[in-house]
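**Q** turn this into a structure:
(one chain, ligands or ions: 1)
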Amino acid sequence: MNLKVKIKDFEFENPLMNAAGVNCYTIDELEEIRNSKAASFVTKTCTLNTRQGNLEPRYYENELGSINSMGLPNLGIDYYLNYLESLDGTYFLSVTEMNTENIHKILEKINESSFNGLVELNLSCPNIEGKPQIAYDFKTTDKLLADIFKYFKKDLGVKLPPYFDLAHFDIMANILNKYPIRFVNSINSIGNAIIIDENDTVVIKPKNGFGGLGGEYIKPTALANVNAFYRRLNKDIKIIGTGGVNTGRDVYEHILCGAYMVQIGTRLQKEKSKVFERILNELKEIMKEKNYNSLDEFRGKLKTL
Ligand SMILES: O=C(O)c1[nH]c(=O)[nH]c(=O)c1Cl
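**A** Predicted coordinates:
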């Protein structure tokens with residue numbers, strides 16, 4: 001049975017990796033994933049300089065998922081870049097910045113480095129006070145990508161927020177199809193949800209409790225975004241599916257919708273890196289039952305009525 005995934009010239013043993021932000025803040029955490037059954041990892045989204053992030057409590061989980069307003073805490077691009085440059089194998093480096101000028105600064109730094117993995121440009125952080133999610137501004141996104149591809153020579157994909165209107169999938173896909181983007185990672189957390197505890201109180205401190213929702217809560221939206229972009233993007237832009245993955249069945253559904261790599265966030269936070277082996281075994285069981293020997297045999301084969 002072959003679980004290999006190819007994105008451009010990069011080949012991965014299987015489709016599983018972490019979602020940015022979970023278990024990927026320090027080198028120790030990244031090493032734990034690298035030494036697990038995951039086929040790759042993505043770093044915590046990093047910025048030019050280190051960031052403390054938002055006030056705590058800024059993360060909460062329950063049986064249906066999680067809510068977070070971390071506020072982009074990270075150890076800065078140099079920390080992650082130096083570590084990544086020391087590794088063999090193919091890994092993802094997630095980056096963003098507070099404005100487009102600084103996004104170019106951080107990408108130029110990567111351009112000049114010997115990093116040889118894939119950059120995941122995060123256009124969808126919902127938790128920076130006063131900062132809208134870039135990818136909800138189509139004009140800005142289009143201009144940003146046009147400017148990036150004037151100089152950026154390495155392999156880059158984008159991390160998108162969920163969209164909820166078919167017209168928005170059309171607009172966004174038309175923009176993305178213009179550029180040599182290697183992948184689209186859909187979705188980031190669903191922005192600005194609230195969870196209330198038994199004391200009539202929100203569960204996280206920043207932004208009056210408004211934070212990004214993850215876990216089982218968001219799987220139907222994640223699957224729809226994966227499939228909407230799979231239907232619209234040209235075939236050399238691969239889809240990475242993120243959102244609501246707790247079991248092998250969830251991975252199977254993301255791939256059925258068109259996903260290549262599949263990222264695990266909330267469930268990894270709960271179960272730690274042994275989750276990759278469990279979910280991989282569950283996926284293999286499903287493929288055996290259905291007599292599939294490779295992911296290509298069922299990727300994108302979602303049936304409609
Ligand atoms: O608050 C965060 O750090 C955060 N939290 C998210 O749920 N998605 C993101 O992209 C980021 Cl950058």
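
**Q** going by C-alpha atoms from here, please, whenever you check contacts or count neighbours.
**A** Will do.

**Q** and stretch 191-200, end to end?
**A** Stretch 191-200 has its terminal residues 21 Å apart, counting by Cα to Cα, to the nearest Å.

**Q** avg pLDDT for it?
**A** Average pLDDT, stretch 191-200: 98.

**Q** and for stretch 105-120?
**A** 98.

**Q** need the residues of this structure near the ligand, please.
**A** 45, 68-73, 124-125, 127, 188-189, 212 (Cα under 6 Å from any ligand atom).

**Q** show me where the stretch 201-305 of the chain has strands.
**A** Counting by DSSP state E, counting those that start in this stretch, one finds strands in the stretch 201-305 of the chain at the ranges 211-214, 238-242, 259-264.

**Q** which parts of the stretch 51-200 of the chain are strands?
**A** 59-62, 65-68, 92-95, 118-122, 155-160, 183-186, 190-193.

**Q** got a ChimeraX select line for the buried ones in the residues of the chain next to the ligand?
**A** To isolate the buried ones among the residues of the chain next to the ligand in ChimeraX, judged by 16 or more other Cα atoms under 10 Å, type:
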select :45,68,69,70,71,72,73,124,125,127,188,189,212
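
**Q** kindly reformat the residues of the chain next to the ligand as JSON lines containing distance to Arg182.
**A** Formatted as JSON lines, the residues of the chain next to the ligand follow (distance: Cα to Cα, whole Å):
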{"residue": "Thr45", "distance to Arg182": "18"}
{"residue": "Asn68", "distance to Arg182": "28"}
{"residue": "Ser69", "distance to Arg182": "28"}
{"residue": "Met70", "distance to Arg182": "27"}
{"residue": "Gly71", "distance to Arg182": "27"}
{"residue": "Leu72", "distance to Arg182": "24"}
{"residue": "Pro73", "distance to Arg182": "26"}
{"residue": "Ser124", "distance to Arg182": "17"}
{"residue": "Cys125", "distance to Arg182": "20"}
{"residue": "Asn127", "distance to Arg182": "26"}
{"residue": "Asn188", "distance to Arg182": "18"}
{"residue": "Ser189", "distance to Arg182": "21"}
{"residue": "Gly212", "distance to Arg182": "26"}
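
**Q** among the residues of the chain next to the ligand, which are in helices?
**A** Assigned to helices by DSSP state H, none of the residues of the chain next to the ligand qualify.

**Q** burial of the nearest residue to Asn234 once chain neighbours are set aside, as a residue count?
**A** Spatial nearest neighbour of Asn234, chain neighbours left out: Asn177 (6.2 Å); criterion: Cα to Cα, 6 or more residues apart in numbering. A total of 15 residues lie near Asn177 under the criterion other Cα atoms under 10 Å.

**Q** next one: Leu81
**A** Neighbours of Leu81 (other Cα under 10 Å): 18.

**Q** so what's it up against?
**A** Leu93, Ile110, Ser113, Phe115 (Cα atoms under 8 Å, 6 or more residues apart in numbering).

**Q** for Asn177, same thing?
**A** Leu233, Asn234, Ile237.

**Q** quick revisit: the residue nearest to Asn234 and Lys154, how far apart?
**A** 18 Å.

**Q** picking up where we left off before, now list the buried members of the contacts of Leu81.
**A** Leu93, Ile110, Phe115.

**Q** count the residues that sit near the nearest residue to the last one once chain neighbours are set aside.
**A** I take that to be Phe115. Leaving aside its sequence neighbours, Phe115 sits nearest to Glu85 (Cα to Cα, 6+ apart; 5.2 Å). Using other Cα under 10 Å, Glu85 is surrounded by 13 other residues.

**Q** okay, now the unreliable bits of the stretch 1-150 of the chain?
**A** Along the stretch 1-150 of the chain, no part satisfies pLDDT under 70.

**Q** where exactly do the helices run in it?
**A** 27-34, 77-85, 100-111, 138-148 (DSSP state H, counting those that start in this stretch).

**Q** for the first one, output the C-alpha coordinates as PDB.
**A** C-alpha atoms of helix 27-34 as PDB (Å, rounded to 0.1, in the frame of the first residue of the first chain):
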ATOM      1  CA  ILE A  27      12.800  23.000  18.200                       C
ATOM      2  CA  ASP A  28      12.000  20.300  20.800                       C
ATOM      3  CA  GLU A  29       8.400  20.200  19.700                       C
ATOM      4  CA  LEU A  30       9.300  20.200  16.000                       C
ATOM      5  CA  GLU A  31      11.800  17.300  16.700                       C
ATOM      6  CA  GLU A  32       9.000  15.400  18.400                       C
ATOM      7  CA  ILE A  33       6.900  15.600  15.200                       C
ATOM      8  CA  ARG A  34       9.900  14.900  13.000                       C
END
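
**Q** mind listing the residues bridging to the residue of the stretch 201-305 of the chain found nearest the ligand?
**A** Of the stretch 201-305 of the chain, the residue with the smallest distance to the ligand, taken as Cα to the nearest ligand atom, is Gly212 at 4.6 Å. Legend: beta-bridge partners of Gly212 under DSSP bridges are Asn68.
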